[in-house]
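S.K.: Build me a structure from this.
(one chain, ligands or ions: 1)
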Amino acid sequence: MEVPFVKYHGAGNDFVIIDNTSAAYTLTREAIAFICHRRFGVGSDGLMLIEKSEEAAFYMRYFNSDGNESTMCGNGGRCIAHFAHSIGLAGESISFMGIDGPHQATILAPDRIKLKMKNIDRVDHHPGYYFLDTGSPHHVVFKDDVRNTDVVTEGKNIRYSDKYPAGTNVDFVEILDTNRIFVRTYERGVEDETLSCGTGVVAAAIATNISGNPKDVFIIETRGGELEVSFSYQKNEFIDVYLTGPVKFVFSGKIVL
Ligand SMILES: N[C@H](CCC[C@H](N)C(=O)O)C(=O)O
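M.R.: Numbering: from 1, shown residues only. Down below sits the predicted model:
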């Protein structure tokens, strides 16, 4: 079976996207892991299926590169919105459903997308870290020198700790200025550091706000590029949470399964 796909990245977090609105393809976990494999397949951090939705232009189904379906992907949401617009599934404002509810995306420029994320009504502050769910679970640690942090070793230990039976993503955050941070992320389901993580930088920005930097717009430097997170805080809830940044269509192709 030949399956057409497009390859995108959003600030270096890369994805294979397949238009499955016709429900023509049923992909096994093994097939998805093969497609995402950096040597044997196309290679990506994750894979998304565009599926029919009764409630919005489409449904975004997200899989990590281990082949397992997972929770919301912020950078993936920005890329899938760009692709959906390019194939005429939506206009300049794109509404879609994700596993964590409805999302709206806006095309700010041909390669720049702004995505509305879920509201966040709970942030757990523990000694030495924060835990919050921004569409995916995130354990957020502040450090003085993130560039020289062993993200994979430290991230893996936290991700597989008994604290998180379902696992978690782990974000290492260095405050550069009152509204500028540097973030590196170990991603669950990729089981490695990714060059950026959308739900991760949202978690990092909110934790930075709570930890004494009461800004509501943050510029986040990542190894894959610069992202922006903005939000408001009302009645004990972070609302109007937006993730903005670059998207890039890299190539299209067909993979033989
Ligand atoms: N690995 C994450 C999902 C993708 C998150 C990340 N790629 C993003 O941009 O939000 C998890 O399984 O919780």
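S.K.: How about Leu108: what's its closest non-neighbour residue?
M.R.: Nearest residue to Leu108 in three dimensions, chain neighbours excluded: Lys114, at 5.5 Å (C-beta to C-beta, 6 or more residues apart in numbering). Backbone N, C-alpha and C define where each C-beta goes, glycine included.
S.K.: Hmm, Val241 and that neighbour touching each other?
M.R.: No. In this structure Lys114 lies outside contact range of Val241 using C-beta atoms under 8 Å: 11.1 Å.
S.K.: Who has more neighbours out of the two?
M.R.: Neighbours of Lys114 and Val241, each counted by other C-beta atoms under 10 Å, are more numerous for Val241; the result is 23 against 19.
S.K.: Spit out the contact partners of the more buried one.
M.R.: Val241 is in contact with 116-120, 134, 202, 206, 229-231, counting by C-beta atoms under 8 Å, 6 or more residues apart in numbering.
S.K.: and if you look at Ala23?
M.R.: The contact partners of Ala23, taken as C-beta under 8 Å, 6+ apart, are 51-52.
S.K.: Shouldn't it be within a helix?
M.R.: No. According to DSSP: H, G, I helix; E, B strand; the rest coil, the state of Ala23 is coil, so it is not within a helix.
S.K.: residues in the stretch 51-200 of the chain within reach of the ligand, list them.
M.R.: For the stretch 51-200 of the chain, the residues found near the ligand under the criterion C-beta under 6 Å from any ligand atom are 64, 70-71, 73-76, 136, 169, 187-190, 197-199.
S.K.: switch the cut-off to 5 Å
M.R.: 70-71, 73-75, 136, 187-189, 197-199 (C-beta under 5 Å from any ligand atom).
S.K.: which residues does the residue nearest to Leu108 bridge with?
M.R.: Using DSSP bridges, the beta-bridge partners of Lys114 come out as Thr106, Thr244.
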